[in-house]
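> Predicted coordinates and the sequence they were generated for:
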Amino acid sequence: MKKLLLSAFITVLATVSVFAQQIKGGGFTPSTIAPGETAKYTIILEGLRGSIDQSAIPMPQGLKIVGTSSGHRMSIINGKTSSQTELIYFVHASDEGQFTVPEWHVEYNKKKYAIAPAKLIVDKNATPQQSQQNPFFDDDDDAFGFPSIFQRMRNMQNVRMQNIQQAQDQRKRELGKLSDHISLKLELPKKKIYVGEAIPCKLVFSFSKELANEGFKIARIFPQVNKSDAFDCTIFEDKYKTKIDDNGNNTISYDLLVTPLKAGSYNLDFNTNGIFVQEFSANPFSITFGMPNQIPFETSTDDKNITVSDLPEKDKPASFNGAVGKFSLSSMKVEPESISVGEPCIVSVDVMGMGNFTRVKAPSFEKHPDWKTYGAKSSFADESNGMQYVGIKNFRYTIVPKKPDLTKTPKIEFSFFDPEKEQYQTLSLDGANISVAPTGVVQTKVESKQTNEKSPEPNFDKIINTQNVSGDTSLFKSPLFWIIQILILLAVAIFIVAKTNKLKLENDPIYAKKIRSQKNALHFLKLAKKATENNDTALFLENARKTIQNALAASSQTESDAILLRQAIEIMLEKGFQQEDIDTISTFFAGVDAINYGGLDKSSINIKELMQNLKKIHTQLK
């Protein structure tokens, strides 16, 4: 009997494909449910086996597919074999209303099949669904019972998934509103602040121990400042600390630098959004085993009114140019120490301390009739882990003496406002030692030394008579001669350019960084193009972001990895880019994380269009 059974089943599989193929919709079962319940949405494949991605179904807003199942049935009637596959999608509805899945199409083997519209009514007065205890075998079983066995097993799995969904809904109701369990707080270390004062702060996000006990963990968080023209705020997203406070709450604190831009009373508000991942029981007998859940959240700080004081006018020194903080000056250095009248020398001085270094301008020279001074070039060495709040700012001046016998460079004076002492401070440095000779004296000494060396007497005995050889003009008329000369000149020019570039790369770190960033930008641009051809959205967005970071780093002092979305927007606005370009790079920076954590639908992104925008932005940045 077993041999006969096996032969019949194999025959069915071998012959089923010869019958007509069709794909159609089976609608919702039941067609009316109560809020919080699930209904089955069915697609029927006649003479086919396969699956349909649930993302292809135009499910209306308010309905959510929470599980899938499938069943396959074969039957033999009057010697004819037929096959049918049911694709079942479990749809959860949370709110009341009438929902309709519009007509949509499925393409198979170059043929399109129309799926008829399906309507689902969600009514709080609907009769609650009752779980049915179906036996493994019923009247719908075929002659051998195989399809119904597997269908019953799938039904048991579906019931289990419905129980999981109900448990999740119950858990959310018990927790109440998520906003009651999360908070965002700005920790400002002082009450009285001044215009231009750089204030290191903390932005602290916390969630309750009740959420932690329920398996909630942070998957991603995006802190940001609400727009304000009264403050310049920089959030260092990569610099954060996590801990559990005295109340058992989980906290994430970010370093923040706040700089007031104008005097008055203003609100300073921050917000954050992100994603929780809820991890359920590890007990394999639990109904929530193995089913993590992603839950988006958003919160903001309470309104915080801050009073900003203007810098006092009283006792403001003439040399004050906007620096606010606590600073000191290094000793002055000059190079070279011996020059002639009219020759330039370089004077360097360091401003050290803590405060708003973006407002620290070059200390001013004392006016001196015997010296001509030029504007200073500056560089900054950060010592505050990227916050640019503590460090050393170096200034290099070019100065030229107008008369000889000078022994000192001009004095330097630097003034700043100390917000702790609430008063101005002035620092000064005496001029550096230098020797200034009359014009040409330094060169004359070298020339006289060379002149005093005795030249060798000519040896007339070795002069002999030679025939007068005329070069004629035959050589200069030869085209080959001139071609060789041109090739030699080109080779020399190429060598000089290559040597110059090599020396610049070795001796000029800024130039070397520029060249390196330009090459990296072009490399990632090619990778982004390849990802576009492969229709890989996530890889395209990642390489597009790196392209922009390196292209911006090539024209700034910031390394590419340190350029976040805020810095990128600031640089591009300074370069005159339009808002549509700003929106494009915002997609590049936020897109990868949004896709990975469920905040962005890949199908909503046209990467071919974005690739064209990326090429345009890259070309403009070059």
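Arrived safely, thanks for sending.

> Surely Arg220 forms part of a helix?
No: using DSSP: H, G, I helix; E, B strand; the rest coil, the assignment for Arg220 is strand, not a helix.

> which residue ranges form the strands in the stretch 401-550 of the chain?
Using DSSP state E, counting those that start in this stretch, the strands of the stretch 401-550 of the chain run over residues 412-418, 423-429, 435-437.

> so what's His92 up against?
By C-beta atoms under 8 Å, 6 or more residues apart in numbering, the residues touching His92 are 36-38, 63-66, 165. To be clear about C-beta, it is placed using only N, CA and C from the backbone, and glycine gets the same treatment.

> Assign a three-state SS to it, would you?
strand.

> partners of it in the sheet?
According to DSSP bridges, the partner residues bridging His92 are Thr38, Lys64.

> From His72, how far out is it?
Counting by C-beta to C-beta, to the nearest Å, the gap from His92 to His72 is 25 Å.

> Are any of the contacts of His92 buried, and if so which?
Neighbour-count burial (16 or more other C-beta atoms under 10 Å) is assigned, among those, to 36-38, 63, 165.

> Can you tell me which of those residues comes closest to Lys616?
Checking the buried ones among the contacts of His92 against Lys616 by C-beta to C-beta gives Leu63 as the nearest, at 40.1 Å.

> ok, Lys487 - how many residues close by?
Let me fix one detail, which is that residue 487 is Leu and not Lys. Neighbour count for Leu487, taken as other C-beta atoms under 10 Å: 10.

> rewinding a little: just send the buried ones among the contacts of His92 back as a markdown table, with distance to Val106 and pLDDT too.
Below are the buried ones among the contacts of His92 laid out as a markdown table (distance: C-beta to C-beta, whole Å; pLDDT from 0 to 100):
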| residue | distance to Val106 | pLDDT |
| --- | --- | --- |
| Gly36 | 30 | 84 |
| Glu37 | 27 | 87 |
| Thr38 | 23 | 88 |
| Leu63 | 19 | 91 |
| Gln165 | 27 | 66 |
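
> in the helix or strand hosting Thr68, what's buried?
Per DSSP states H and E: Thr68 is located in strand 63-77. With burial defined by 16+ other C-beta under 10 Å, the residues of strand 63-77 counted as buried are 63, 67-71, 73-74.

> before we move on, what about stretch 218-236?
By 16+ other C-beta under 10 Å, the buried positions in stretch 218-236 come out as 218-225, 230-236.

> Pull the most distant pair out of the contacts of His92.
Farthest pair in the contacts of His92, by C-beta to C-beta: Gly36 and Ile65, 15.6 Å.

> pLDDT of stretch 386-395, averaged?
Mean pLDDT, stretch 386-395: 90.

> and for it, what are the contacting residues?
The contact list for stretch 386-395, computed with C-beta under 8 Å, 6+ apart, reads 198, 200, 234, 236, 239, 255, 257, 348-358, 360, 362-363, 376-384, 562.

> now do 6 Å
198, 200, 257, 349-352, 354, 357, 360, 362, 376, 378-384 (C-beta atoms under 6 Å, 6 or more residues apart in numbering).

> Repeat that for stretch 198-206.
183-188, 193, 223, 249, 251-254, 256-259, 270, 272, 355-356, 389.

> ok, Leu48 - how many residues close by?
By the criterion of other C-beta under 10 Å, Leu48 has 17 neighbours.

> wait, what's in contact with it?
Gln21.

> List the backbone torsions phi and psi for it.
For Leu48, the backbone dihedrals are phi -130, psi 160 (criterion: degrees, to the nearest 10).

> mind checking how far stretch 581-588 is from the chain centre?
Its chain's average C-alpha position is 11 Å from that of stretch 581-588, according to C-alpha atoms, centre = their mean, to the nearest Å.

> Walk me through the domains of this structure.
Taking automatic domain parsing as the criterion, the chain consists of the domains 2-173, 178-309, 320-437, 509-621.

> what's the closest of these to Val497?
The closest of the domains of the chain to Val497 is domain 509-621. By C-beta to C-beta, the value is 13.6 Å.

> How far does that closest one sit from its chain's centre?
The answer for domain 509-621 is 9 Å, by C-alpha atoms, centre = their mean.

> Would you map the strands across the stretch 151-300 of the chain?
Under DSSP E, counting those that start in this stretch, the stretch 151-300 of the chain gives strands at 182-187, 193-194, 199-207, 216-225, 231-244, 250-260, 264-267, 270-278, 293-300.
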